[in-house]
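Trainee: Coordinates only, no sequence provided:
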């Protein structure tokens, strides 16, 4: 076991939490991420492997399938982002490489992203000040890529009153500022 | 503008990056006898229609698909949106 | 001061009296007042001075079309000039000041312009200030700017926040009058997603301003009840205080919501305004209509207003501009104002109707077939002179005059995508044409349907048609009973005998100016507009354009539709710049990207610089160092002597996988990549298809079907885009998968003769870093510090024995601390971008300065890298003759002949003895620095046939900065040209 100490995306040793009115914004470092892209001609096999892994259909366009321990959302044609608990799946990419074999290209994405969870009454109003997505029409389990203040993000609907927002890790501070400003403004 | 993405449905054009004429898909054969002339034509000569125009848009802040969008340059009306990869295949770029 | 002109009733809340200040005077008003209505209630008609002649002006309207009553609202940093008093919602403690006057509103010294009006007619600037040319900027313009103008800026940062937001709906309804409310009810009850925007703080449009009954109750009561019903529907969003400012492509609308403008200061964290981008499937324009004036002599005195505005002030705001009011009209609607005023207890002294067959009344005197030919009253109307139909004149004392010239549908948004309104003879007005923005339809008065019943019906019908179009089953709410009075109008635009009759009151354009423009052959209506400035003020001619067109048509002997209209463009009403900026100002103008070692570098006191969006350490000053060069030189010398560490995370990293990954890279790099062995890295040059260099970087082969490609920091995004283009559009059946991994890995350069020794202390057992086992350009996936996964690349930008080591980003901070700790025994030094730049120039490595979008591989001295044995992007067009002239630019090194001289980047190169002219240009300097290793300034640059001119002394010039001295052309590889150090 190595002895290096990790930092959270916002730069702290511990994850950051903010609360405005009834909405909580939490930096959530406890996920590993890996991208899965089907190899040419292996699209069906890859989709099937993904389904097996999730215990359900692989997520289609714009959707997010949450299961234990691995969840997946659609990111592009024959491409998905998979997540799992960091504590048990730090080597997610390696595990997936073994699972998918020659049907997919797997790339570790864990630290490419900052993961925010936003929960409470009014998350839709907050998102309406952030991204040009029709948040009112996004059901639980929907996934959309969009832009918040010039930053590319994924917005995932985890519950009627909860959203997950993934943004580039290097601009985590700017994204946090944007989300928090919108919360103060909308709530 | 709103681009009706073949997979994702209507998306705001601010999520896209524009490249230009979809004729860029038809990259010449480098071994043709007149390859240099063909490449000069490919690289530099464009129609500039007042009307329907097939053009390449990249969904950079989306699913990263390249699209072929048929747009009326006078009215901005968009009449067709296709995945560029499908277009490329249909236009014989598979090998 | 008492509210001497306050009437009974109205839609104001009298439970509290609010205090406000206009100029130096305090007044009282109520919740529900506008600044204009409150001032009128207090007997104040004079609210501003005109733009050019400084004539006293009062409100002409009761809405957003106001040309005259524009003031500076608030004070200090929040001061906002040119704000319409007619739309300013009163709040307790409001402060406003009149503008464009000196020393005071009642005595304005600049009103002398009015006496000189003969000199200030249309085209006056063009004709008068032509000579001498130099006088324009220094003499004329400053004088004119001081004399003619609008409000003043605070010159301070705006303390308020502005948001941008995004809404989506099936149906956007623009305007909440009878048509808009009926449409919203219809669509809302049918389950459609509806957004209803209204610019007023009280939704209802003219229902709030009129007295007639709607469904057995007052129009205002019906509006309030309907708004409450709509607000209770979850699928309807009612947005008061929200102006739709523009109609854009494909159903996108811009709307400004004034969230906090009715408060003295926005609540903590709340925005002042929000710019909404509304994506709609359909839109129904219910923007109503604007009453237009009649042009007559001295028609601009405070107290002379739209008749409908006088009525609105009386009905909604329970105020009148004066106790005695006269009406001047060419249509029946003017009479409605008269009756309403009588009902409110205001004395109507006369109704002057231009029509011989005007209706008569038992409540007030009517002069049928009369016109007004003069008015009096210096700071406010006191008397009018009526030219009687049978000859003779009659003078009537009055403090206000309501003018009704008919109504113009508010067609503005129908024109935002090129539509031109069409003339309707019966209404004597322009109505929307069939060429509307796609998805838009128009209802109510905006479509020329002026009765209340008609508006309600047309709104409901409009909504039904849209619902059918969207496939939504319409439920049809019962419409209330309402008046259905037909329009009766005989057009009358202006009193022809008038000498000083104002068409555009905000820009001080008179009927005479328009005639003069015609006389001087300005035939096109667009030219008329620019020559006279008609309609070019902040009100965009909402009340003036039509009279201007009518007068122009008359003098040209044409019909109004032949003259046509000017183009309406967004925004519909004046819009604060701040709302367009939103949150993007100051440091928030774009995101900031931080490197994984940012916290640590900050602790070291690093000075940061912006590299694209990234903040990168530029140098690390030590105590006692007072100049950046001291720090930089030390970092360079120490790295070359022992070992240095630099965060290079910002370089783009793209994962390229697939059976065809190697073949794919062969297409995008001009040099061969297919045969790169696993475990090796190769430098690669990417060309644009036109043969110009796009970017450079490295490709590391981690497995047969797996590469990691690096890009420069600046080109990470465009290169990724380009690779996707090549993959999807050019080679759709290659098995290649691409994904960016830039952010996933923290990457550090460890450079210098002791770098191997340093890394040996952290790599895990079994990793042999010896030159034999891990030679120059090797790469491997390894573990460090007892098991952390890492990637190691033996590549060198500095020219030293060097490595780049990458770990998952969250460990970047820990890694740099560990490297520094482990490197203590070697006096390890962190180095910043400056030192990195010095070392690469010493080594002759190129960056963005050399890959500047104009240079080819040949220019860079890498012509041979462009493989002829394969096809790659750009290889063919790099053969273009123009890129292969015998005297092509070549990368060279430059050293000053006098070692004290600098070799500044941007300076140009001339052959000795040649005159300094562009045609003699031999090349230019791209990168320059002081080299602590060579002890002098050095530079890289491009020189014609540079590769054959090594040793030549050449002239370096920069006429702009006064540089002119000699430099020697040398190899670009100043330092360790054989590369012994990096292979050590």
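Mentor: Received, thanks. No experiment lies behind these values; they were computed from the predicted model shown.
Trainee: how close does the residue of chain B positioned farthest from its centre sit to chain C?
Mentor: Taking C-alpha atoms, centre = their mean, the residue of chain B most remote from its mean C-alpha position is residue B:33, at 26.6 Å. Noted for residue B:33: a distance of 13 Å to chain C, by C-beta to the nearest C-beta, to the nearest Å. In this view, the C-beta of every residue, glycine as well, is placed from N, C-alpha and C.
Trainee: count of neighbours near the single nearest residue of the stretch 151-300 of chain C relative to chain A?
Mentor: Among the residues of the stretch 151-300 of chain C, residue C:269 lies nearest to chain A; the distance is 3.2 Å by C-beta to the nearest C-beta. Residues near residue C:269, counting by other C-beta atoms under 10 Å in any protein chain shown, number 16.
Trainee: Over to the one 10 residues further on?
Mentor: Here the neighbour count serves as a burial measure; for residue C:279 (other C-beta under 10 Å) it reads 21.
Trainee: contacting residues for it?
Mentor: For residue C:279, the contacting residues are A:132, A:134, B:2, B:10, B:12, C:166, C:167, C:168, C:169, C:251, C:252, by C-beta atoms under 8 Å, 6 or more residues apart in numbering or on different chains.
Trainee: In TSV, list those along with pLDDT.
Mentor: What follows is those, written out as TSV (pLDDT from 0 to 100):
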residue	pLDDT
A:132	96
A:134	96
B:2	96
B:10	95
B:12	95
C:166	98
C:167	98
C:168	98
C:169	98
C:251	97
C:252	98
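Trainee: I'd like the residues you listed laid out as CSV, including secondary structure and distance to residue C:854.
Mentor: Listed next are those as CSV, based on DSSP: H, G, I helix; E, B strand; the rest coil; distance: C-beta to C-beta, whole Å:
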residue, secondary structure, distance to residue C:854
A:132, coil, 36
A:134, coil, 44
B:2, strand, 37
B:10, strand, 40
B:12, strand, 34
C:166, strand, 40
C:167, strand, 45
C:168, strand, 44
C:169, strand, 48
C:251, helix, 42
C:252, strand, 38
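Trainee: Now flag whichever of those residues is closest to residue C:261.
Mentor: residue C:167 (19.6 Å; C-beta to C-beta).
Trainee: Isn't that closest one up against residue C:275?
Mentor: No - counting by C-beta atoms under 8 Å, residue C:167 does not reach residue C:275; the two are 11.2 Å apart.
Trainee: pLDDT score assigned to the residue lying closest to residue C:727 once chain neighbours are set aside?
Mentor: Closest residue to residue C:727 apart from its sequence neighbours, by C-beta to C-beta, 6 or more residues apart in numbering or on different chains: residue C:736 at 5.3 Å. The model reports residue C:736 with a pLDDT of 98.
Trainee: Number of residues surrounding residue C:736?
Mentor: 28.
Trainee: cool, and residue C:391?
Mentor: By the criterion of other C-beta under 10 Å, residue C:391 has 6 neighbours.
Trainee: same check, this time on residue C:575
Mentor: If you count neighbours by other C-beta under 10 Å, residue C:575 ends up with 17.
Trainee: What of residue C:112?
Mentor: Counted with other C-beta under 10 Å, the burial measure for residue C:112 works out to 11 neighbours.
Trainee: Is it in a helix, a strand, or coil?
Mentor: Look at residue C:112: counting by DSSP: H, G, I helix; E, B strand; the rest coil, its state is helix.
Trainee: Residue A:50 is in contact with residue A:42, correct?
Mentor: No - at 11.5 Å, residue A:42 and residue A:50 do not qualify as touching, with contact defined as C-beta under 8 Å.
Trainee: Settle it for me: which of the two has more neighbours?
Mentor: Counted by other C-beta under 10 Å, residue A:42 and residue A:50 do not tie: residue A:50 has more neighbours, with 25 against 19.
Trainee: which residues does that one contact?
Mentor: Applying C-beta under 8 Å, 6+ apart to residue A:50 gives the contacts A:36, A:58, A:72, A:80, A:82, A:100.
Trainee: in chain B, what spans have low per-residue confidence?
Mentor: Counting by pLDDT under 70, chain B has low-confidence residues at B:95.
Trainee: Any residues of it in contact with chain C? List them.
Mentor: Where chain B comes near chain C, counting by C-beta under 8 Å from any C-beta of the partner chain, the residues are B:1-2, B:10, B:12, B:17, B:19, B:24-25, B:27-28, B:30-31, B:35-36, B:39-40, B:42-44, B:56, B:58, B:60, B:64-66, B:75-78, B:83-89, B:93-95.
Trainee: Could you rerun that using 6 Å?
Mentor: Contact residues of chain B with respect to chain C, defined by C-beta under 6 Å from any C-beta of the partner chain, are listed as B:1-2, B:25, B:27, B:30, B:35, B:39, B:43, B:58, B:64, B:66, B:76, B:84-85, B:88-89, B:93-94.
Trainee: Now do the domain split for chain A, please.
Mentor: A:17-29+A:112-186, A:31-110 (automatic domain parsing).
Trainee: quick one: average pLDDT of the shortest one?
Mentor: This predicted structure assigns domain A:31-110 an average pLDDT of 97.
Trainee: one step back: want to throw the contacts of residue C:279 into TSV with distance to residue C:215?
Mentor: Putting these into TSV (distance: C-beta to C-beta, whole Å) gives the following:
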residue	distance to residue C:215
A:132	40
A:134	35
B:2	39
B:10	39
B:12	41
C:166	36
C:167	30
C:168	32
C:169	27
C:251	32
C:252	35
